[in-house]
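[1] Everything below, folded, please.
(chains A and B)
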Amino acid sequence: MITVLTLLSVLSPAFAGELQSSVAELESAHPEVVQQVSTARLVPNRNGTFRLVGADPDPALALAHLGRALDASLPEAERLAHARFAGATTEDVELVRQVVGWSEGDRVRRAFVAGLLHNDLDLAAPLVELARSGDAVDRRLAVTALVRSPARTTFVDVLVQRVLDEDRDVRHEAVRGLGLVEAPVADVLVARLTDADPKVRLAALRSLERQDPTRALQAAPELLQDPSPPVQRAADRLMQAPLGPR
Amino acid sequence: METRMRVPLWGLALLTAGCSPGSALEWTAEPTSSLVLVVPNLDDDDGNGTPDFRDGPNDDDDRALVSVWSKKKRGELHFEGDPASIRVYADGEHVLGAELGDVGTLPPQKGRKPLEIQIEVLASGPIGTLVLDDQRLTVEGVAPTMGHHLLPTEHVWVLGVDFAFEGYSNASMVDRMEEVLGDQLTVIDVNDLDYPDVWVQDEFETFGWWTPDAQGQLALNLPRDGGLDVFVDDLLGAGLARRNVGRPDEAMSADSGGNIEVTPPITVGGVEYPLGRIYYGNYEESYFGQVYRAPQEPLKAYLADAGMQTPIELDTSWLCVGHVDEFMTFLPDPSAPRGFRLFFADVDAGKSLMQAMPADLSLDRYAPEWPTGHGYGTPQEILDDAVLMAFNDDVQADHLDAQLAILRAELELTDEEIVRIPSLFLEEAYEEGVCGALSLIPGTVNLLMVTDETGEGGRAFLPDPFLRTATAGQDADPLISWWKEALPSGITPYFVDDWDVYHMAQGEVHCGSNQTRTPALATQSSLERWTGSSEEAP
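    Below you'll find the predicted structure:
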């Protein structure tokens, strides 16, 4: 069994080529890691992605999985599966910080971050940083992770910033999150009722229902004229049963 | 397969046909159309790997039989159309079409007996017109149709995986299916594939060829081209044709079989759909800066051409996988107003079920963290997850209700015909961002319906929802109890463990299985409405 302390004594927080060197050192010092990581079987999810089965969720192996994610000789599907698994199982916050700050290897990095959504670590700092990154998918994933955190209210400022993001999906996630924080955000949500994207407008109405049902009901009549049928339906439903969200 | 067609008596040419022994439909009225429908000869009776029509004029099966009179001793038969798509035989001799071109001489008529000609065609759709003297006979290859859940199941496929080392096995599910279905089931050998592609439903869709007294099967190889593609390539055989559709290099999730289903027979607004209506999820997806629309246009066009099954388009963009089988199915129920009920996922029912459970009940299957479980140890933990509950509320209000409204309108469904299944969803993310909704409680609507010969019942294999402790039996499961009350009385349920291989991989039992059904036979009136052919005799 590889302990976290053992790993830390072998590795230095580094990335890409440096990380691969670190993994090689690890595997040389602890050859059983190779078997533990490489014998996991790759099986298809229904949406076309792949996942690992039979992989040991020992956090000490997360680095080795990340090493396989960086192995260019492997098929991309396998690399992404290892990256996702590493994100879900790591307990090394410094490693997370290194990964999210990695400026290359977009899909592997994103897969790792997607895996973080299954991780109970306190990852506020790296995720807040990621929510401000230059990559829209990273921002989407980071905002989603922050919203899912029990401490989401502490990230209100980040979410308020992200409702003005240039990426529709980032705005959508941030608007959804604002419906679940304990903070006075109704004004922000009202402003999003005129967002250029119908998905964001719908989420804004739903979140406003949660935060301030009275103001949502006030906004509903005008939204009956929204060009988007889902927004119209949501407004109509609100006016039919103005008792707050379901 | 032999098709016999009765057509009108007119002039000096009498085209008649009798029904083959044991045919299911008899022509009792004087027909008005000079039309012969032929099942395309695309199966492989001789097992040489080639559709039989392409083997040349050797296969004496799969032909339509028509009796003719000629004004002349030796009639001259002409064909208007592409002769490469037809062969005509008389007295067992190949006389016209394909290798012989568009003109042929019939053998001499003997006394007052009509000549019997046989017609073989290459494809579905309009083939052309046979002309004998001043008589004309329209020939069409009948279109294949999808089999709805009120049609008897003929055969079922599932992939068997048993990797004990990795704890990845569907052996208990497959064993149960084998026990119940026996020879009706084929378990695909995983060693025949490059990787354990368990999504048998998604790789191909099955259709039936039908004419009033002949039938066959077609496996439509969908553009998915996953690990099961090699299996589908081998499906061509006696009575089973295969064709490809779509562009594999542009395949999206919605091009999969789990996203293409069909309603039972229905009449809506006075319009009869005797073979039901196809329905599928339709959406746009942006991938690496390019917009893809799914299902692909060639696939949508193919489905639109399926006989009389005018498609209904639903929105499945809110789902991670994006298939209609994730939230709805139709089941036979003779006690229902129109002989079926729609079983439809419902979040409110799911929350009510969860609230009625002991708050601290150990949900041992759900408790482990991903990728083994969902990280929820008790019903209360699920209900206390504000993000999860808000997401489910939005799924119900913004998506499920909207799709049900479409179905109500398109099918004139009443409340009595709708059964709401307790369901809860979660949201998954992957390297492109948030993926969409997946089943948190195993999607029990995603079931395999094995219909019996009556078409009114049968056996259903459903995912075990495991809403109980590890040591409790299925009798203790509230959702299983719910299903036993809700299922039509003619359906026997089997709840199978699909958790590791299917549920945690974004699918369930229906996704992991496929089947053929006895092709449906249509009525004369619906047949003529579809073909648009009711020619007056010259």
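[2] how deep is the closest residue to B:Asp346 other than its chain neighbours tucked in, by neighbour count?
    Here the nearest residue to B:Asp346 in space, its sequence neighbours aside, is B:Arg420; by CB to CB, 6 or more residues apart in numbering or on different chains that works out to 3.6 Å. The C-beta positions use only the backbone N, C-alpha and C, and glycine is treated the same way. By other CB atoms under 10 Å in any protein chain shown, 18 other residues sit near B:Arg420.
[3] In this structure B:Arg420 contacts B:Phe344, no?
    Yes. B:Arg420 is within contact range of B:Phe344, at 5.9 Å (criterion: CB atoms under 8 Å).
[4] Tell me which residue of the stretch 201-350 of chain B lies closest to chain A.
    Sorted by distance to chain A under CB to the nearest CB, the residues of the stretch 201-350 of chain B start with B:Val321, at 4.7 Å.
[5] so how far is chain A from the nearest residue to B:Val230 once chain neighbours are set aside?
    Nearest residue to B:Val230 in three dimensions, chain neighbours excluded: B:Leu193, at 6.4 Å (CB to CB, 6+ apart). Using CB to the nearest CB, to the nearest Å, we find B:Leu193 at a distance of 11 Å from chain A.
[6] rewinding a little: how about the residue nearest to B:Asp346, secondary structure?
    The three-state label given to B:Arg420 by DSSP: H, G, I helix; E, B strand; the rest coil is strand.
[7] State the distance from it to chain A.
    14 Å.
[8] Count the neighbours of the nearest residue to B:Asp364 once chain neighbours are set aside for me.
    In space, and not counting its chain neighbours, B:Asp364 is closest to B:Ala470: 3.8 Å by CB to CB, 6+ apart. Using other CB under 10 Å, B:Ala470 is surrounded by 10 other residues.
[9] Can you say which helix or strand has B:Ala470 in it?
    Assigned by DSSP states H and E, B:Ala470 falls within no helix or strand.
[10] Tell me, what's the model's pLDDT at it?
    On pLDDT, B:Ala470 comes in at 96.
[11] Need the three-state assignment for the closest residue to B:Asp305 other than its chain neighbours.
    Computed as CB to CB, 6+ apart, the closest residue to B:Asp305 that is not its neighbour in sequence is B:Ala143, at 5.7 Å. With three-state DSSP as the basis, B:Ala143 sits in coil.
[12] ok now do whichever residue of chain A sits closest to chain B, which residues does it touch?
    Among the residues of chain A, A:Gly54 lies closest to chain B, at 2.6 Å counting by CB to the nearest CB. Counting by CB atoms under 8 Å, 6 or more residues apart in numbering or on different chains, A:Gly54 makes contact with A:Thr39, A:Ala40, A:Arg41, B:Phe163, B:Phe165, B:Glu166, B:Gly167, B:Tyr168.
[13] Now list the buried members of the residues you listed.
    Listed as buried from those are A:Ala40, A:Arg41, B:Phe163, B:Glu166, B:Tyr168; burial here means 16 or more other CB atoms under 10 Å in any protein chain shown.
[14] In strands only, show me those.
    Among the buried ones among the contacts of A:Gly54, the ones falling in strands (DSSP state E) are A:Arg41, B:Phe163, B:Tyr168.
[15] re the thing from before, I'd guessed the residue nearest to B:Val230 sits against B:Asp234; true?
    No. Using CB under 8 Å, B:Leu193 is not in contact with B:Asp234; the gap is 11.3 Å.
[16] one step back: possible to save the contacts of A:Gly54 as TSV with pLDDT and distance to A:Thr153?
    Below are the contacts of A:Gly54 laid out as TSV (pLDDT from 0 to 100; distance: CB to CB, whole Å):
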residue	pLDDT	distance to A:Thr153
A:Thr39	79	43
A:Ala40	85	38
A:Arg41	87	41
B:Phe163	89	44
B:Phe165	73	45
B:Glu166	75	41
B:Gly167	80	39
B:Tyr168	90	40
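[17] quick one: which of the residues you listed is nearest to A:Arg233?
    Nearest to A:Arg233 among the contacts of A:Gly54: B:Tyr168, at 42.2 Å, using CB to CB.
[18] Against A:Val170, how distant is the closest one?
    Distance from B:Tyr168 to A:Val170, counting by CB to CB, to the nearest Å: 36 Å.
[19] same deal with B:Ala241?
    Per CB to CB, B:Ala241 is found 49 Å from A:Val170.
[20] ok, the helix or strand hosting B:Phe343: who's next to it in the sheet?
    Taking DSSP H and E as the definition, B:Phe343 sits inside strand B:340-346. Sheet partners assigned to strand B:340-346 using DSSP bridges are listed as strand B:328-332 (antiparallel), strand B:418-422 (parallel).
[21] Tell me which of these sits most buried.
    Highest mean neighbour count of the strands paired with strand B:340-346: strand B:328-332, a mean of 24 (counted as mean count of other CB atoms under 10 Å in any protein chain shown).
[22] who touches it?
    For strand B:328-332, the surrounding residues in contact (CB under 8 Å, 6+ apart) are B:148-150, B:261, B:263-264, B:339-345, B:403, B:407, B:445-447, B:449, B:451, B:455-458, B:460, B:487-488, B:490-491, B:510.
[23] Among those, name the ones in helices.
    B:Gln403, B:Leu407 (DSSP state H).
[24] Could you identify the buried members of the contacts of strand B:328-332?
    B:148-150, B:261, B:263-264, B:339-345, B:403, B:407, B:445-447, B:449, B:451, B:455-458, B:460, B:487-488, B:490-491, B:510.
[25] Now the terminal residues of stretch B:68-79, how far apart.
    Start-to-end span of stretch B:68-79 (CA to CA, to the nearest Å) is 15 Å.
[26] Now the residue lying closest to A:Val23 once chain neighbours are set aside: which helix or strand?
    Among residues not flanking A:Val23 along the chain, A:Gly67 sits closest, at 3.1 Å (CB to CB, 6+ apart). Using DSSP H and E, A:Gly67 maps to helix A:62-69.
[27] residues from the stretch 101-250 of chain B in reach of chain A?
    B:163, B:165-168, B:195-199, B:202, B:226-227 (CB under 8 Å from any CB of the partner chain).
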